[in-house]
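# 3D model of this:
(chains A and B)
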There are 2 protein chains.
Amino acid sequence: MMANAESMLPRSMMAEPDQLRILDQRQLPSETVYLSCRETPDVINAIKTLAVRGAPAIGLAAAYGLLLGRSENLAADALLEEFEAAASSLIAARPTAVNLAWAVEAMMQVVRRLHREGFPDDWPTRLRAEADRLYQEDRSSCLEIGRLGASLIPRGGRVLTHCNAGSLAVSEFGTALAPIYVAHDAGNPLHVFVDETRPLLQGARLTAFELMAHGVPCTLITDNMAAHVMASNRIDLVIVGADRVAANGDAANKIGTLGVAVLAKHFHIPFYVACPFSTVDLSTARGEDIEIEERHPNEVTSLYGTPTAPKNVQVFNPAFDVTPASLIDGIITERGLITGHLAEGLKRQAEPFA
Amino acid sequence: MMANAESMLPRSMMAEPDQLRILDQRQLPSETVYLSCRETPDVINAIKTLAVRGAPAIGLAAAYGLLLGRSENLAADALLEEFEAAASSLIAARPTAVNLAWAVEAMMQVVRRLHREGFPDDWPTRLRAEADRLYQEDRSSCLEIGRLGASLIPRGGRVLTHCNAGSLAVSEFGTALAPIYVAHDAGNPLHVFVDETRPLLQGARLTAFELMAHGVPCTLITDNMAAHVMASNRIDLVIVGADRVAANGDAANKIGTLGVAVLAKHFHIPFYVACPFSTVDLSTARGEDIEIEERHPNEVTSLYGTPTAPKNVQVFNPAFDVTPASLIDGIITERGLITGHLAEGLKRQAEPFA
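This next block holds a predicted model:
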């Protein structure tokens, strides 16, 4: 299937020698436009404005972004300083997803090693190799998540998903959508219900778009229809992504995920979170410790420039919410499926790699 | 307060001798435009296209609409036939709200009485008086609902509402919003969280608009933020309207209401339904017997003509859902507040009037 997915779907980003080309997801599904990022601030801007979104994709964009526009002729200490400043700015671009800080930190570990070596001539190649490694690691993780998660989808199963945790949110293939792609390609006649995901409609614009491109049967609904769809026995399981999973199993994800989880519990529908292990942040004890980004009111009060609400209306616009572990039936990472006591399962998955 | 509400808010409709002027709610909040309806089909069109919406308002528009364009010179039997045909078309305009059929039936009872009298010369006046009576009855009901419901809102209470059950949905004042207006005008420093209510944004366009016009502090959220807002202790109670309440207390209301009710139960927040008793349909035993209208996919896939989803995406677009009585803490009608066993309370409220 993955050859198929690869051939049909635009990539969230493409790294080239002197630039990172980032797919401008704000213009999907009508236009497929790549932004040319040649310096770190270009990538920061792409992250802040949501041209690139999805926790793993943001992390990878930042990893490549750290490389862009570095002055190769600086003295070692000055170059390190430049890297540190660029890393801080990248990490500050969005607060909730942990993959951003995680990927930048992985890159900075190599930077610091190179600094200790006095930045030998091949440092750009070696640093770029680390970004490529992160990309390939994410790609492999997604494939494995797909393989593990596909077994959770019964034949002809009806899956509800929220926001976009598909190929556009990662390197390739997706997290929440990877099991769907794998099951579909293995001949499972499944069907996906897609929450449109207000305010920015990532479900309608991105998830429906990539599912259709891959030939997966799907039905678009507004977020507030999920309850009725569940109540009328149209859903067998829910799979969503995550932007950060705390040590206790609480998961931050796109606003609205908590509501879906509460509904799933009420209607006795299994609720799964799919994410690479890089999304797990064991240094964050509980969901309430996760900073929730609030975004500009105009995301809620206008759409494509057209006002959708009265002028000067007060708006609350949190970009994420936190689903408590008690509402999550399982977490799928590339290291395995965790059910039961999530905190213990996460700890166990961390151990062999610690 | 009501003088205040009256002075600030445009009326959902204005009956004049030869026409019904219907506020085109599709153009709110940017434009205040009244449609001139001079014949029954004009009103049917206004109902079908949602220029007028809200269960009580639809009923009243239909009551006046039945009168429009009737040929005064017909023989009695022919005139009755014309009325019967007009009544059927009006009732068929939208299936879910019961007030439409209820109001048309109230009018037809007078029509049949007039027919038995051979349609005396003053029949237009007498029939019009019945429509006016229905209008005034709805107005009084809303005032009483406001008075009864206001006592449920604690001082400084934070109320969540969904869709628009305000002055625009009824004759005047509102159902779910009436308690808010009464409490606010009595000096309760309450705050209202308004679900934008996809797909047609009645919350953003109508509820926020009329609350702001009345000076009630409010915050607009997307529907999928309700869970986070409740989880973060920002809501004390929920009040919504209804399009039909079944004999067992199940309530059909705008799509998304069921989700709000499940969330309210999960987060231990009281959930109230406010409606005139004309919305109660004792001939419908249970919620599952209520026909749920499905509307055109383009309500979900475009906004003000701009596409918001991929071309040809499959869409499910139910306009209503049913909240089971088990999730409803109370029903407020002009006849009183029903808590506990809702079916018994509804039956009791029907009795003295049967």
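# Tell me the residues of the stretch 101-250 of chain A that contact chain B?
Neighbours of chain B within the stretch 101-250 of chain A, by C-beta under 8 Å from any C-beta of the partner chain: A:162, A:193, A:195-199, A:201, A:204-205, A:208-209, A:212, A:217-229, A:231. Every residue, glycine included, has its C-beta placed from N, CA and C.
# Just those: which are in strands?
A:193, A:195, A:218, A:219, A:220, A:221 (DSSP state E).
# Most neighbours among these, which one is it?
residue A:195 (30 neighbours; other C-beta atoms under 10 Å in any protein chain shown).
# Find the residue closest to whichever residue of the stretch 51-200 of chain A sits closest to chain B in space, skipping its chain neighbours.
Proximity of the stretch 51-200 of chain A to chain B (C-beta to the nearest C-beta) peaks at residue A:198, 3.9 Å away. For residue A:198, ignoring the flanking residues on the chain, the nearest one in space by C-beta to C-beta, 6 or more residues apart in numbering or on different chains is residue B:222 at 3.9 Å.
# check contacts around that neighbour.
Residues near residue B:222 by C-beta atoms under 8 Å, 6 or more residues apart in numbering or on different chains: A:198, A:199, A:223, A:255, A:256, A:300, A:317, B:195, B:196, B:198.
# Hmm, residue A:225 and the first one touching each other?
No: the pair residue A:198 and residue A:225 fails to qualify as a contact (C-beta atoms under 8 Å) at a distance of 11.9 Å.
# on that earlier part again, for the residue of the stretch 51-200 of chain A closest to chain B, the count of nearby residues, please.
Neighbour number of residue A:198 under other C-beta under 10 Å is 26.
# now swap in residue A:304 and tell me
Neighbours of residue A:304 using other C-beta under 10 Å come to 13.
# And the pLDDT for it?
Note on residue A:304: pLDDT of 85.
# what residues are up against the nearest residue to it once chain neighbours are set aside?
Distance criterion C-beta to C-beta, 6+ apart; nearest residue to residue A:304, sequence neighbours excluded, is residue B:306 at 4.9 Å. With contact taken as C-beta under 8 Å, 6+ apart, residue B:306 is in contact with A:303, A:304, A:306.
# Next one: the second one from residue B:305, what distance?
With distances defined as C-beta to C-beta, to the nearest Å, the gap from residue A:304 to residue B:305 amounts to 10 Å.
# Quick check on residue A:238: phi, psi?
Here is the backbone geometry of residue A:238 (degrees, to the nearest 10): phi -120, psi 140.
# isn't residue A:227 right up against residue B:253?
No: if you go by C-beta under 8 Å, residue A:227 and residue B:253 don't touch, sitting 11.8 Å apart.
# what sits in contact with each of the two?
Once C-beta under 8 Å, 6+ apart is applied, the residues that residue A:227 and residue B:253 both contact turn out to be residue B:321.
# neighbour-wise, which of those two wins?
More neighbours surround residue B:253 than the other of residue A:227 and residue B:253, with 29 against 26 (other C-beta under 10 Å).
# Is that one within a helix or a strand, and which one?
For residue B:253, the host element (DSSP states H and E) is strand B:251-254.
# so what strands line up beside that strand?
Sheet pairing of strand B:251-254 (DSSP bridges) gives strand B:244-246 (antiparallel), strand B:320-323 (antiparallel).
# I'd like the distance from the shortest one to the chain centre, please.
Looking back up the chat, that one is strand B:244-246. With C-alpha atoms, centre = their mean, to the nearest Å as the basis, strand B:244-246 stands 12 Å off its chain's centre.
# Tell me if I'm right that residue A:14 and residue A:36 touch.
No: in this structure, residue A:14 is not within contact of residue A:36 by C-beta under 8 Å, at 10.3 Å.
# so what sits against both of these two?
residue A:21.
# so what's residue A:99 closest to, chain neighbours aside?
residue A:59 (3.4 Å).
# so how many other residues sit close to the one you found?
Using other C-beta under 10 Å: residue A:59 sits among 30 other residues.
# try residue A:189
Residue A:189 - counted by other C-beta under 10 Å - has 10 other residues nearby.
# Roughly how far does the residue lying farthest from the centre of chain A sit from residue B:305?
Largest separation from the mean C-alpha position in chain A: residue A:75, at 36.2 Å (C-alpha atoms, centre = their mean). Separation of residue A:75 from residue B:305 (C-beta to C-beta): 58 Å.
# Going by residue numbers, what spans are strands in the stretch 251-354 of chain A?
Counting by DSSP state E, counting those that start in this stretch, the stretch 251-354 of chain A has strands at residues A:251-254, A:271-274, A:280-281, A:302-303, A:306-307, A:314-315, A:320-323, A:330-333, A:336-338.
# Need the winner for burial among these.
Greatest average neighbour count among the strands of the stretch 251-354 of chain A goes to strand A:251-254 (a mean of 30), per mean count of other C-beta atoms under 10 Å in any protein chain shown.
# Could you export that strand as CSV, CA atoms only?
C-alpha atoms of strand A:251-254 as CSV (Å, rounded to 0.1, in the frame of the first residue of the first chain):
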residue,chain,number,x,y,z
ALA,A,251,-2.9,12.9,25.7
ALA,A,252,-3.0,16.5,24.3
ASN,A,253,-4.4,16.6,20.8
LYS,A,254,-6.3,19.0,18.5
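# what sits up against that strand?
So strand A:251-254 is contacted by A:96-97, A:162-163, A:197, A:202, A:240-246, A:257, A:273, A:275, A:287, A:290, A:292, A:319-323, A:325, A:328, A:331 (C-beta under 8 Å, 6+ apart).
# For it, what is the distance to the chain centroid?
That offset, for strand A:251-254, works out to 10 Å (C-alpha atoms, centre = their mean).
# Can you name the residues that contact residue A:287?
A:246, A:248, A:250, A:251, A:252, A:322, A:323, A:324, A:325.
# The same query, at a cut-off of 10 Å, please.
Listed by C-beta atoms under 10 Å, 6 or more residues apart in numbering or on different chains, the contact set of residue A:287 reads A:244-246, A:248-252, A:258, A:321-325, B:231.
# Closest to residue B:70 out of those?
residue A:258 (54.1 Å; C-beta to C-beta).
# Give me the distance between that closest one and chain B.
4 Å (C-beta to the nearest C-beta, to the nearest Å).
# That residue contacts residue A:326, correct?
No: using C-beta atoms under 10 Å, residue A:258 is not in contact with residue A:326, being 11.6 Å away.
# Between these two, tell me which one has more neighbours.
Taking neighbours as other C-beta under 10 Å, residue A:258 and residue A:326 compare with residue A:258 leading, 29 against 11.
# Next, count neighbours for residue A:282.
With other C-beta under 10 Å as criterion, residue A:282 counts 15.
# anything in stretch A:39-51 near chain B?
No: using C-beta under 10 Å from any C-beta of the partner chain, stretch A:39-51 never reaches chain B; the gap is at least 15.5 Å.
# Would you mark the buried spots in that stretch?
A:40, A:41, A:42, A:43, A:44, A:45, A:46, A:47, A:50, A:51 (16 or more other C-beta atoms under 10 Å in any protein chain shown).
# just checking, the fourth one is part of a helix?
Which is residue A:43. Yes: under DSSP: H, G, I helix; E, B strand; the rest coil, residue A:43 sits within a helix.
# Can you report how many residues lie near the closest residue to it other than its chain neighbours?
Closest residue to residue A:43 apart from its sequence neighbours, by C-beta to C-beta, 6+ apart: residue A:65 at 3.0 Å. Residue A:65 has 33 neighbouring residues, counting by other C-beta under 10 Å.
# How about the contacts made by the spatially closest residue to residue A:169 that is not a sequence neighbour?
Of all residues not flanking residue A:169 in the chain, residue A:54 sits nearest, at 2.4 Å (C-beta to C-beta, 6+ apart). Counting by C-beta under 10 Å, 6+ apart, residue A:54 touches A:12, A:25, A:60-61, A:97, A:99, A:163-171, A:174-175, A:202, A:206, A:241, A:243, A:254.
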